[in-house]
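Undergrad: Requesting a structural model of the entry that follows:
(chains A, B, C and D)
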2 protein chains.
Amino acid sequence: MPTLTADRRRDQAKEEFDAFFASCPSRKVLDRLSDKWVTLVLVALGEHDLRYSELARRIAGVSPKMLTQTLRSLERDGLVTRAVTPTVPVTVDYALTDLGRSLLVVVGKVKDWAEANLHQVEAAREDYDNRDE
Amino acid sequence: MPTLTADRRRDQAKEEFDAFFASCPSRKVLDRLSDKWVTLVLVALGEHDLRYSELARRIAGVSPKMLTQTLRSLERDGLVTRAVTPTVPVTVDYALTDLGRSLLVVVGKVKDWAEANLHQVEAAREDYDNRDE
DNA sequence: CAGGATCCGTTCAGATACTG
DNA sequence: CAGTATCTGAACGGATCCTG
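TA: As a prediction, the model looks like this:
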């Protein structure tokens, strides 16, 4: 085969990989959870339902933009519900769905691992950092 | 209290929050896992130990830079080991530590959830997208 | 109260080229 | 073989201002 296939083959491999990667289910979940605010919202709503402004206060530091964006994507994925009550002014309540609660369990697993192994990781880091220098 | 405290209070709250957030154990783990290549390396090494170039081939699409960066941070955290054999040319073997293997179990939990609930999430998305428009 | 719109700085991944 | 060094563009988060 001529040389032109070398680069082409690599490109093709990468495209296939990207496609696989994008469609990978666990990848999607990981990407969701990795979002800075998602888990915080999940945990906050796990305790009890909250209104928009209550969430904003509870998660101190989140901008309206990010909070809305996060809530919208969670709602879209069927993880939280959004209930508008047409009072004056309007009130909007957010709550976890069953699906959202089940995801919260997974987050709990991660948290358990983190708490159980954090000191090991930090010890490893110190070792590593003191190795040379 | 005078008005200047309003903004100050918010800033302070945010700083405290950021500090809390940065020191949150599960946050650190989530951030690690969210890294695009970390889980892929973990899974690849979970099957069997591999050399640098083998990893690069197995994870098609990763640049040398990213692969090295990922491996270094994993090594630093005590999740993988790096063994240099001074042959000519040198060979470098990477392997999971026990800690790395235990983290792989957590990733497995996420994967399980993803596979079990992916269709629900996608159904929710279709619902949401068809709601208006 | 609950957001939408916009701008802007920083971060970060990837491509490329080079080295022991 | 196993990286390192540098550059650049695209994405993203945050701040700010505005609305029903």
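Undergrad: Return the backbone torsion pair for the most centrally placed residue in chain A.
TA: The centroid of chain A falls nearest to A:L33 when counting by C-alpha atoms, centre = their mean (1.8 Å). Dihedral pair for A:L33: phi -70, psi -30, per degrees, to the nearest 10.
Undergrad: Those residues of chain A touching DNA strand C, which are they?
TA: Within chain A, the positions near DNA strand C by C-beta under 7 Å from any atom of the strand are A:14, A:51-54, A:64-65, A:68, A:71-72, A:82, A:89-92. Every residue, glycine included, has its C-beta placed from N, CA and C.
Undergrad: quick one: which of the residues you listed is most hemmed in?
TA: Among these, the one with the most neighbours (other C-beta atoms under 10 Å in any protein chain shown) is A:L71, at 21 neighbours.
Undergrad: I'd assumed that one was in a helix, is it?
TA: Yes: the assignment for A:L71 is a helix, going by DSSP: H, G, I helix; E, B strand; the rest coil.
Undergrad: who's in contact with it?
TA: Listed by C-beta atoms under 8 Å, 6 or more residues apart in numbering or on different chains, the contact set of A:L71 reads A:41, A:52, A:55, A:80, A:82, A:94.
Undergrad: quick one, what contacts the second one?
TA: If I follow you right, that is A:Y52. Here A:Y52 is in contact with A:67, A:71, A:92, A:94 (C-beta under 8 Å, 6+ apart).
Undergrad: Spatially, which two of those residues are the most separated?
TA: Maximum pairwise distance among these (C-beta to C-beta): 11.4 Å, between A:L67 and A:V92.
Undergrad: quick one: the residue nearest to A:I59 when sequence neighbours are not counted and DNA strand C, what's the gap?
TA: Ranked by C-beta to C-beta, 6 or more residues apart in numbering or on different chains and with sequence neighbours excluded, the top spatial neighbour of A:I59 is A:L40, at 5.2 Å. To DNA strand C, A:L40 is 16 Å away according to C-beta to the nearest atom of the strand, to the nearest Å.
Undergrad: can you confirm A:L40 is in a helix?
TA: Yes: under three-state DSSP, A:L40 sits within a helix.
Undergrad: Which pLDDT value goes with it?
TA: As predicted, A:L40 sits at a pLDDT of 93.
Undergrad: What's the local residue count around it?
TA: Neighbour number of A:L40 under other C-beta under 10 Å is 21.
Undergrad: Same check on A:E122?
TA: 14.
Undergrad: Can you classify it by secondary structure?
TA: Using three-state DSSP, the structure places A:E122 in helix.
Undergrad: check contacts around it.
TA: A:E122 neighbours (C-beta under 8 Å, 6+ apart): none.
Undergrad: That one and DNA strand C: what is the separation?
TA: A:E122 is 20 Å from DNA strand C, by C-beta to the nearest atom of the strand.
Undergrad: Inside strands: which ones of the residues of chain A next to DNA strand C?
TA: A:51, A:82, A:91-92 (DSSP state E).
Undergrad: As TSV, those with distance to DNA strand D and pLDDT would be great.
TA: TSV is the format used below for these (distance: C-beta to the nearest atom of the strand, whole Å; pLDDT from 0 to 100):
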residue	distance to DNA strand D	pLDDT
A:R51	13	97
A:R82	15	98
A:T91	10	96
A:V92	10	98
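Undergrad: what sits against A:L96?
TA: A:42, A:45-46, A:49, A:79-81, A:104.
Undergrad: Fine by me, we can end here.
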